[in-house]
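Asks: Quick one: sequence and predicted model below, then my questions.
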Amino acid sequence: GNGVLHHHRRPAEPDANATLRLTKPFFLRLVTGKAGATDLLTSGDVDIEGSTLDLGRFLGLLDKAPGTFPI
């Protein structure tokens, strides 16, 4: 079915496979397709702790939003 990712600000889980911290401007570039996987791994606006492989698997589950959609 349709899934939704909800954001909740809270401390990182100590046993998380991966933790991703990024700036809001970078997040917006990422979700609009202006930044990709290479940018995610090389940008100074991003901090990744833990398994980059598990993070990549998780991000691979997300569908790219269409450029336009009715609201």
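Replies: Yep, that arrived. All values reported here derive from a predicted model rather than from experimental measurement.
Asks: Going by C-alpha atoms from here, please, whenever you check contacts or count neighbours.
Replies: Fine.
Asks: For residue 48, give me phi and psi.
Replies: Backbone torsions of residue 48, given as degrees, to the nearest 10, read phi -120, psi 130.
Asks: Where do the strands of this structure begin and end?
Replies: Using DSSP state E, the strands of the chain run over 18-22, 46-50.
Asks: Now that we have the ones you listed, can you turn them into CSV and tack on mean pLDDT and mean neighbour count?
Replies: Formatted as CSV, these follow (pLDDT from 0 to 100; neighbours: other C-alpha atoms under 10 Å):
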stretch, mean pLDDT, mean neighbour count
strand 18-22, 90, 15
strand 46-50, 93, 14
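Asks: Dump these into a markdown table; add distance to residue 63 as well.
Replies: Output for those, formatted as a markdown table (distance: least, C-alpha to C-alpha, whole Å):
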| stretch | distance to residue 63 |
| --- | --- |
| strand 18-22 | 18 |
| strand 46-50 | 21 |
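Asks: out of those strands, nearest to residue 29?
Replies: Shortest distance between residue 29 and those, using C-alpha to C-alpha, is found for strand 18-22: 11.0 Å.
Asks: what's the pLDDT at the spatially most central residue of the chain?
Replies: The centroid of the chain falls nearest to residue 59 when counting by C-alpha atoms, centre = their mean (6.1 Å). For residue 59, the pLDDT comes out at 81.
Asks: No further questions, thank you.
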